[in-house]
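A.B. asks: predicted model and sequence follow; I will ask about them next.
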Amino acid sequence: MRVKAKWATACASAVLIAVSGTTAHAVPADDSPEEIFEKSAPATVHLIVTTAGGMAQGTGFVYDADKGLIVTNAHVVDGAAAVKVGIDNKEPVAAQVVGSDPCQDLAVVKLVATQGDLKELEFGNSDDVETTDDVTAIGYPSSFENPDTQKAIFTSGTVQSPDVAADPSPSYPHYPATVQHSAAINPGNSGGPLLNGDGKVVGVNTLVNPEAQGQYYSITGEHAQAQIPGLAAGARKNDPGWAVYSVDDEYLADYFSDPEDQRTVEEVQQQLFQDDVQGLLIGSTTTNSPAEKANLFSGDVITHVKGAPVKTVSDLCDVLQSSAPGEKLTVEGIYAIGAEESDAQYGDPWKTDLVLPNK
């Protein structure tokens, strides 16, 4: 899950017997979490991302070893200027983001160079997941360790709901299909695999609900698999190259790491409330992205896209997902933080054209 986001059982030890008529058939017991970890950790990778705002970390997993393709969350690689991948406790190697969709919170990363003996994970059928099923989460939670030498860890738990929609925050997209479970995930675990008793991927670890103890969310494997081919082919239509957060988000300042920035954001947020302004505050834009080419920068507030008001990230995604690749969108808003850098004053309106990526 996002590092600054606020909305981040024992397996059977005996063989089960299924009886049909008078004939008994042995059903293999699930692997233990320890066994699942030993088999799956080599294909679970550590993502070390360099952005304009500093370094971020997350997790991913190899799903196509021959092509060096890795699945992760889009928010792990937002604004990435450089990506390194740590594989099975080896020296991190270079990678690139080939496709990202912040509205689905999924991305595909590709290793720049071929890696010998690369392991991959297989997707299971998340539609077969049932309440109380045992699941194991693997990832690289944030710690004080050197990122280049950090090792994967696992947690285990049970499924609480196999397919539930989630709307965690006005600064997050709508998640139409998630597995709610009790296998603890923390900042840095985002993008890692949620595995069933057979060691197959049934979810992509994404969210934690801090207001409900032991409640975690992973994008279902079936939903992720439907998005992956397009992402691997370079889909970025819903990714103009910005990080945006809702003005209505009570944790807005926490998305910024610098204490001085946090104080500034809190002050401006209060002013926006007083002026009854609703919209999306731009936290950052990526160099040479469609957003930067449209002269959109950190501190601007977006109020309308294609004439539609956008109060939440979900509102924005509704517009982006309904638009065509390469379409020119009219974006409107006001200057807020750093207005003087544009020879403007707080509250002055602006309008610009944003051209979406062609894929």
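C.D. replies: Noted; the coordinates are in hand.

A.B. asks: tell me which helix or strand comes right after the strand ranked longest in the chain.
C.D. replies: Assignment by DSSP state E gives strand 153-166 as the longest strand of the chain. Downstream of strand 153-166, the next assigned helix or strand under DSSP states H and E is strand 175-181.

A.B. asks: what mean pLDDT would you report for that following strand?
C.D. replies: What strand 175-181 shows for mean pLDDT is 98.

A.B. asks: tell me what angle it forms with strand 153-166.
C.D. replies: Counting by axes from the mean of the first three to the mean of the last three C-alpha atoms, to 10 degrees, strand 175-181 points 140 degrees away from the direction of strand 153-166.

A.B. asks: parallel or antiparallel, which strands does strand 175-181 pair with?
C.D. replies: strand 153-166 (antiparallel), strand 216-220 (antiparallel) (DSSP bridges).

A.B. asks: need the strands for the stretch 51-200 of the chain, in chain order.
C.D. replies: Taking DSSP state E, counting those that start in this stretch as the criterion, the stretch 51-200 of the chain carries its strands at 54-64, 69-72, 80-87, 93-101, 106-111, 134-139, 153-166, 175-181, 193-195.

A.B. asks: of all those, which lies closest to E35?
C.D. replies: The closest of the strands of the stretch 51-200 of the chain to E35 is strand 134-139. By C-beta to C-beta, the value is 9.4 Å. For the C-beta atoms, the positions are set from N, CA and C on the backbone; glycine is no exception.

A.B. asks: for that closest one, list every residue counted as buried.
C.D. replies: For strand 134-139, a neighbour-count test (16 or more other C-beta atoms under 10 Å) marks D134, V135, T136, A137, I138, G139 as buried.

A.B. asks: turn these into CSV, columns for distance to G124 and pLDDT.
C.D. replies: Formatted as CSV, the buried residues of strand 134-139 follow (distance: C-beta to C-beta, whole Å; pLDDT from 0 to 100):
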residue, distance to G124, pLDDT
D134, 13, 98
V135, 11, 98
T136, 12, 98
A137, 14, 98
I138, 14, 98
G139, 18, 97
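
A.B. asks: nearest to Q225, of those?
C.D. replies: For the buried residues of strand 134-139, the nearest to Q225 is V135 (17.3 Å; C-beta to C-beta).

A.B. asks: low-confidence ranges in the stretch 1-150 of the chain?
C.D. replies: Within the stretch 1-150 of the chain, the stretches with pLDDT under 70 are 1-29.

A.B. asks: just to revisit the earlier point, what's the mean pLDDT across the longest strand of the chain?
C.D. replies: Averaging pLDDT along strand 153-166 yields 97.

A.B. asks: please apply the same query to stretch 221-228.
C.D. replies: Averaging pLDDT along stretch 221-228 gives 98.

A.B. asks: circling back: ok and the longest strand of the chain relative to strand 134-139, angle-wise?
C.D. replies: Interaxial angle of strand 153-166 relative to strand 134-139 (the same axes, to 10 degrees): 110 degrees.

A.B. asks: can you give the distance of strand 153-166 from its chain's centre?
C.D. replies: Per C-alpha atoms, centre = their mean, to the nearest Å, the displacement of strand 153-166 from the mean C-alpha position of its chain is 16 Å.

A.B. asks: wait, a helix at Q213?
C.D. replies: No: judged by DSSP: H, G, I helix; E, B strand; the rest coil, Q213 forms no part of a helix; its state is coil.

A.B. asks: that older thread, with mean neighbour count and distance to L354 as extra columns, can I get the strands paired with strand 175-181 in JSON lines?
C.D. replies: What follows is those, written out as JSON lines (neighbours: other C-beta atoms under 10 Å; distance: least, C-beta to C-beta, whole Å):
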{"stretch": "strand 153-166", "mean neighbour count": "18", "distance to L354": "28"}
{"stretch": "strand 216-220", "mean neighbour count": "27", "distance to L354": "27"}
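
A.B. asks: any idea which of the ones you listed gets closest to E340?
C.D. replies: E340 sits nearest to strand 153-166 of all these, at 39.3 Å, using C-beta to C-beta.

A.B. asks: I appreciate the help and will end here.
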